[in-house]
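1. here are the coordinates; sequence isn't available:
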């Protein structure tokens, strides 16, 4: 459900204005866009510290703020969707008490403070430590695509009005990955699946570092759709791995997952106005490499444990025969 949930996340930059404004903008700034879009957008984009000064100088009219009416309408639509979703869950989903009759849930009676203690204690597990980089990477890459990609690639290259369309591509690819990943994993295994995703995501980041943005909308849609596919696979695989590695401690494992995922997002949001897009992409790539190495270490240790257990069982069979 996590990739599907992220499909409907709202980023402030997605609040976009209509095609009429986009058309008038293109007519008034065509000369500027043709000459400078490949030099100032994409990996070369640097978020200005003083946004008002930038707009006053009209250095890039793509980034003008939409009018308040459209912002309020879109915000109202989003809040209405939240309310409908909450009511649907409250009214349509059966109470958990129905399923807890006659059994004790692993998380029953745990207070917030106790859950915090359990979450911190879980960090003593070496597997949990090795999962932290890849978990933080998920939060970092989600924040990047929501904030930095929409600003430095889509808004800068095409205009704010195209952000919503680009994020539709991300959401569709994200949901598709969530649906097909379990079936592909059954065929090729978890380890090859994650390694293939890491290679794919690495290649995508390198492409974004080298690519010179154009005014072709389809190019942005393909990039963000590829990112959505990778994000969906990461979420499915790492969530599932957290449940597999820590049987009996699922609450602490998933609590750590959400904690460090959120930490990665906060770090990216905090550094967004400071670092250039090129620097952010390089940092994301480094975190992903470290996280993949940590995950691979877990797989290697698990393989050795299973191989050792199989060897002991073989010796016991030989002794008894």
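-> Nice, I can see it. The structure presented is a predicted model; accordingly, all values stated were derived computationally and were not measured. Numbering: from 1, shown residues only.

2. hang on, isn't residue 190 packed against residue 237?
-> Yes: with contacts counted by CB atoms under 8 Å, residue 190 reaches residue 237, the gap being 6.4 Å. Where C-beta positions appear, they are placed from N, C-alpha and C, glycine not excepted.

3. and stretch 84-92, how far out from the chain's middle?
-> The chain centre lies 25 Å from the centre of stretch 84-92; the measure is CA atoms, centre = their mean, to the nearest Å.

4. Same drill for residue 190 and residue 237, tell me which one is more crowded.
-> Set residue 190 next to residue 237 and count neighbours by other CB atoms under 10 Å: residue 237 wins out with 20 against 15.

5. Need the nearest residue in space to the more buried one, chain neighbours excluded.
-> residue 194 (5.4 Å; CB to CB, 6 or more residues apart in numbering).

6. need the contact list for the one you found.
-> Residues counted as contacts of residue 194 (CB atoms under 8 Å, 6 or more residues apart in numbering) are 233, 237, 292, 295.

7. Relative to residue 119, which of these is nearest.
-> Closest approach to residue 119 among the contacts of residue 194 (CB to CB): residue 295, at 20.3 Å.

8. Next up, identify which helix or strand that closest one is on.
-> helix 277-320 (DSSP states H and E).

9. now that helix: how far from the chain's centre is it?
-> The chain centroid and the centroid of helix 277-320 are separated by 23 Å under CA atoms, centre = their mean.

10. cool, and stretch 214-227?
-> Chain-centre distance of stretch 214-227: 17 Å, with CA atoms, centre = their mean.

11. One more: stretch 242-258?
-> Centroid separation between stretch 242-258 and its chain, computed with CA atoms, centre = their mean, is 19 Å.

12. where does the chain dip in pLDDT?
-> 1-35, 47-65, 95-112, 308-321 (pLDDT under 70).

13. can you tell me how far the residue nearest the centre of it sits from residue 259?
-> Nearest residue to the geometric centre of the chain (CA atoms, centre = their mean): residue 142, 2.8 Å. Residue 142 is 15 Å from residue 259, where distance means CB to CB, to the nearest Å.

14. Could you list the buried residues of the helix or strand in which residue 72 is found?
-> In this assignment (DSSP H and E), residue 72 forms part of helix 68-92. By 16 or more other CB atoms under 10 Å, the buried positions in helix 68-92 come out as residue 74.

15. From the contact counts, what lies against it?
-> Using 3 or more CB pairs under 8 Å, 6 or more residues apart in numbering; DSSP states H and E, no helix or strand is in contact with helix 68-92.

16. can you pull out the strands in the stretch 151-300 of the chain?
-> For the stretch 151-300 of the chain, no strands are identified by DSSP state E, counting those that start in this stretch.

17. Quick one: the helices in this protein, in order.
-> 2-7, 19-40, 51-57, 68-92, 97-100, 112-121, 126-143, 156-157, 163-188, 190-210, 217-245, 250-271, 277-320 (DSSP state H).

18. In a markdown table: the ones you listed, plus distance to residue 150.
-> Shown next, in a markdown table, are the helices of the chain (distance: least, CB to CB, whole Å):
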| stretch | distance to residue 150 |
| --- | --- |
| helix 2-7 | 14 |
| helix 19-40 | 15 |
| helix 51-57 | 15 |
| helix 68-92 | 14 |
| helix 97-100 | 40 |
| helix 112-121 | 32 |
| helix 126-143 | 11 |
| helix 156-157 | 9 |
| helix 163-188 | 5 |
| helix 190-210 | 13 |
| helix 217-245 | 9 |
| helix 250-271 | 13 |
| helix 277-320 | 11 |
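
19. Which among those helices is found nearest to residue 149?
-> helix 217-245 (6.6 Å).

20. Just want the angle from the closest one to helix 163-188.
-> With axes from the mean of the first three to the mean of the last three CA atoms, to 10 degrees as the basis, helix 217-245 and helix 163-188 are set at 40 degrees to each other.

21. list the buried ones in helix 217-245?
-> For helix 217-245, a neighbour-count test (16+ other CB under 10 Å) marks 220-221, 223-239, 241-242, 245 as buried.
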